[in-house]
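**Student:** Turn this into a model:
(2 chains)
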Amino acid sequence: MNKSDLRTILLVEDSQADAEMAIDALGEARLANPVVHLEDGVDCLDYLYARGEWAGRETGDPVVILLDIKMPRMNGLDVLARMRADERLRRIPVVMLSSSREESDLVHSSDLGANAYVIKPVDVDQFFDAVRTLGQFWALLNQAPELT
Amino acid sequence: MMKMQDIVNWRIAGLLLAVLVIVGLPYAVTLSNARDTQQAVGLVIHSNAVKTLTYKIAYVVNDSEAASYRLLTGDSDELTQKRASRAIADVSGLLQQLRGMTRDDPDQQMLIGALSTSVNGRIILIRQALTRLHRKDRAGARQSLRDAFNLFKMNGQITAIVENEDNLLRTRQVIASRQAFDARTILAVTAIAQILLLTVILVMSERQVGRRRLAEIRENRAVHRSQLILHTLREPIGLFDEDLRCLLANEAFAELYGLDVQQRLQPLAKLGEGAWNDSVLLQRLRDVLLRDRELWDYEMTQRTADGSDRRVVINARRLKLREADTPTLLLTVSDITARALVEQRINELNRQLEGKVTKISDVNRELEAFSYSVSHDLRAPLRHIAGFARKLDQHMGGQRDDKSAHYIEVISSSAQRMALLIDDLLVFSRLGRGALRLQAVDMQSLAEEARAEVESAIQDADRRVRWKLAPLPMVIGDENMLRTVWQNLLGNAAKYTSKCKVAHIEVSVQQDQRGDYEFSVTDNGAGFDMQYADKLFGVFQRLHRASEFEGNGIGLANVRRIVTRHGGRVWAEGKLGEGASFHFSLPATDLAGAQTRDFA
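**Tutor:** As a prediction, this is how the structure comes out:
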């Protein structure tokens, strides 16, 4: 199996610490899919459209995107809105990650068509469980529509 | 109006006619009466003259005969001869005269004709006797005189003429007296009519005068009344002539502009401290007079007699009562200084209020941003602390001793506790910010729900809680917020009775005189010292140690905030070890007070 055959899990998270924990948790899930960590929304869109820093990348579209809401430059909700407006990107599963229980964030995400909404708990075990399960679900179980 | 005029005209014409008849008729009657009388007198004289003449003819003839007899007896006196021949000379003239006097009466003419024949016969025989006597034929002369007396009887004819004249006179007197009676009757009737007419005229004119006097009194009264009204009005009113000179002004006007009421025709422009000396206003007022353009609510500031500047509204219109009148200007002034001040103040307050509202919504937006930021940014480091403590624990693996394990445990549990506190604080702040969603809320079912929830959370199987829930009313309020109230109060009651063998929790309600509801939750739990009662409802304030009863101390603060926003109040009574009782009130229906606290 070629490395490029395995579709990536995209983690978009500005906090290094949160990203490290999430990557750890995904590692514990023993997934073969490579995890790509991006630090904000602009990076994320560059990756998806294979431009700028990511021009000419060989990997295909990610199997799932774990998208933080509050980020510098472009936030998660804006990225989600751009993706859902794009014919090619609209079917990629997106899991919103948020520190907040703010109702407005939740409602907004759901309106824009997020596939899941996860509140990052302070309880570390809960966090690890959540990310692990999510990664497994989207990477292994969910049969995303075949994309070329 | 026309009709009235017609009636008056007809009445005058009728009156004139009546006067003409009543005054003219007696005059005519008197005139004709006088003529009749004169005529009657003339007739009597005439009749007497006729009678006298008739008797004179008889006398002349008889005297001639008597004189002839004397001559026959030998008397040849000259005077007797003259008497005897007088009849021959005079009688035909007398008869002529008598005929002339009775020419209009055919009966008399006939009688006079017969008389003439007799008289002429006698005269011829008398002449014959005188001739025979002259020839000394005494016997012949005597025969002739005898024949004259026997052949021509004259007395009967004389009597007939006199009688006829008397009859005529009598008839004429009857007619005259009848006419005189008619005239007297007419005069009497017209005299009565005159008296009546005079009476009518007198009464009518008297009544007219009385009516006019009454109208005058009424008019005077009305004028006086309107004068009184004009002067009593607090609104200044003035009447001005074509050249804008004052004709009339009420007391308010005089006072406001320092107008001397005694002095007439003062020009408007010179009134007061030149309050009216405004070229635009004066032009507008002239327009009102010349072109009949009404001046409507003209607003301006005037320096008035008391030296203060007043805001006034001026209204003016042209008055032209009759065609002949020169137009006058009616001017009214409304002093709106106070109103203008109030308006200005209101505007100012409104501006301030708007500023405050803007400020409040700014503050609210900032608070929103703040709490959003808190919920994201403050939680992230806590998550990291806990997360990396866990990683450290994993990393140390077998090297870790009890102490380091304990430290790591404290670090992560503290981080979690702080996260909980942050969450509570966010909930508390959200309760104060959002708008109340008011609706009819069934307190009974909310309390039941909360009781079921609390019951299911009790883990200790041995615990027994005796609930006593009174029937609760419907209220107007925010359902979610009121649910939080019941959850907190019943949850607290359950928590603080957890050490009792049998817990008694009672929910009741009362309605006060104003209709406000007062809900109470009473338990027989740990209670509290009333000394610290004011601390109960503060944020993160606790009267018990966490090791005794767990909790953050946010629940009652939330309860107070919710109840306060609904316009009610909350308080508690308790005794250490004997239980506590929590009360909150809600206004029966009027939540106007609650809504204004949305920004609280």
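
**Student:** which residues in chain A form strands?
**Tutor:** Along chain A, the stretches classed as strands by DSSP state E are A:9-12, A:35-38, A:64-68, A:94-98, A:116-119.

**Student:** now B:Gln143, what's its secondary structure?
**Tutor:** Three-state secondary structure (criterion: DSSP: H, G, I helix; E, B strand; the rest coil) places B:Gln143 in helix.

**Student:** Okay, now the unreliable bits of the chain?
**Tutor:** Using chain A. The model of chain A has pLDDT under 70 over residues A:1-5, A:140-148.

**Student:** right idea, wrong chain: chain B
**Tutor:** Low-confidence regions of chain B, defined by pLDDT under 70, span residues B:1-3, B:321, B:323-324, B:589-600.

**Student:** what does it have sitting close to chain A?
**Tutor:** With the criterion set to CB under 8 Å from any CB of the partner chain, chain B comes near chain A through B:372, B:375-377, B:379-380, B:382-384, B:386-391, B:412, B:415-416, B:419, B:423, B:426. For every residue, glycine as well, the C-beta is placed using N, CA and C.

**Student:** Weed out the non-buried ones from these.
**Tutor:** By neighbour count, with 16 or more other CB atoms under 10 Å in any protein chain shown, these hold B:372, B:375-376, B:379-380, B:382-384, B:386-390, B:412, B:415-416, B:419, B:423, B:426 as buried.

**Student:** Please narrow those residues to those residing in helices.
**Tutor:** Using DSSP state H, B:372, B:379-380, B:382-384, B:386-390, B:412, B:415-416, B:419, B:423, B:426 are the members of these that sit in helices.

**Student:** contacting residues for the residue of chain B most remote from its centre?
**Tutor:** For chain B, the largest distance from the centre (CA atoms, centre = their mean) belongs to B:Lys136, which lies 131.7 Å off. Remark: with contacts taken as CB atoms under 8 Å, 6 or more residues apart in numbering or on different chains, B:Lys136 is in contact with nothing.

**Student:** Helices of the stretch 451-600 of chain B, residue ranges please.
**Tutor:** Along the stretch 451-600 of chain B, counting by DSSP state H, counting those that start in this stretch, helices occupy B:479-496, B:555-565, B:592-595.

**Student:** and the longest one, which residues are buried?
**Tutor:** What it means is helix B:479-496. Under 16+ other CB under 10 Å, the buried positions of helix B:479-496 are B:481-496.

**Student:** Return the list of helices and strands in contact with that helix.
**Tutor:** Using 3 or more CB pairs under 8 Å, 6 or more residues apart in numbering or on different chains; DSSP states H and E as the contact criterion, the secondary-structure elements in contact with helix B:479-496 are strand B:438-442, helix B:443-457, strand B:502-511, strand B:517-523, helix B:555-565, strand B:579-586.

**Student:** tell me the angle that helix makes with strand B:502-511.
**Tutor:** Regarding helix B:479-496 and strand B:502-511, their directions subtend 140 degrees when assessed with axes from the mean of the first three to the mean of the last three CA atoms, to 10 degrees.

**Student:** hang on, the earlier thing: comparing the strands of chain A, which comes out most buried?
**Tutor:** For these, average neighbour numbers computed from mean count of other CB atoms under 10 Å in any protein chain shown are highest in strand A:64-68, which has a mean of 27.

**Student:** how about it, does it reach chain B?
**Tutor:** No - under the criterion of CB under 8 Å from any CB, chain B is not reached by strand A:64-68; the shortest gap measures 9.7 Å.

**Student:** In its sheet, which strands sit next to that strand, and in what direction?
**Tutor:** Strand A:64-68 has the following strand partners under DSSP bridges: strand A:9-12 (parallel), strand A:94-98 (parallel).

**Student:** Let's have the ones you listed in CSV, adding distance to B:Val539.
**Tutor:** Formatted as CSV, those follow (distance: least, CB to CB, whole Å):
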stretch, distance to B:Val539
strand A:9-12, 36
strand A:94-98, 25
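
**Student:** Indicate which one of the ones you listed is closest to B:Arg514.
**Tutor:** strand A:94-98 (46.7 Å; CB to CB).

**Student:** Domain boundaries for chain B, per the record?
**Tutor:** B:2-192, B:233-335, B:341-434, B:435-599 (automatic domain parsing).

**Student:** What helix or strand is the nearest residue to B:Glu251 once chain neighbours are set aside located in?
**Tutor:** What sits nearest to B:Glu251 in space, not counting adjacent residues and going by CB to CB, 6 or more residues apart in numbering or on different chains, is B:His231, at 4.8 Å. Using DSSP states H and E, the element containing B:His231 is helix B:155-232.

**Student:** and that helix, what does it pack onto?
**Tutor:** Under the contact definition 3+ CB pairs under 8 Å, 6+ apart, helix B:155-232 sits against helix B:2-72, helix B:106-134.

**Student:** how far off helix B:106-134 does it point, in degrees?
**Tutor:** With the same axes, to 10 degrees as the basis, helix B:155-232 and helix B:106-134 are set at 150 degrees to each other.

**Student:** how about the residues of chain A near chain B?
**Tutor:** A:15, A:17-18, A:21, A:24, A:69-70, A:98-102, A:120-125, A:127.

**Student:** Buried subset of those, written for PyMOL?
**Tutor:** Selection command for PyMOL covering only the buried members of those, criterion 16+ other CB under 10 Å:
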select buried, chain A and resi 15+18+21+24+69+70+98+99+100+102+120+121+122+123+124+127
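
**Student:** From the residues of chain A next to chain B, which land in helices?
**Tutor:** Judged by DSSP H, helices contain the following of these: A:17-18, A:21, A:24, A:124-125, A:127.

**Student:** Taking these together, which two end up most distant?
**Tutor:** Comparing every pair within those by CB to CB identifies A:Ala17 and A:Asp125 as the most remote, at 16.5 Å.

**Student:** what pairs with B:Gln302 across the strands?
**Tutor:** The bridge-partner assignment for B:Gln302, based on DSSP bridges, gives B:Arg310.

**Student:** distance of it from chain A?
**Tutor:** Here the distance between B:Gln302 and chain A works out to 59 Å (CB to the nearest CB, to the nearest Å).
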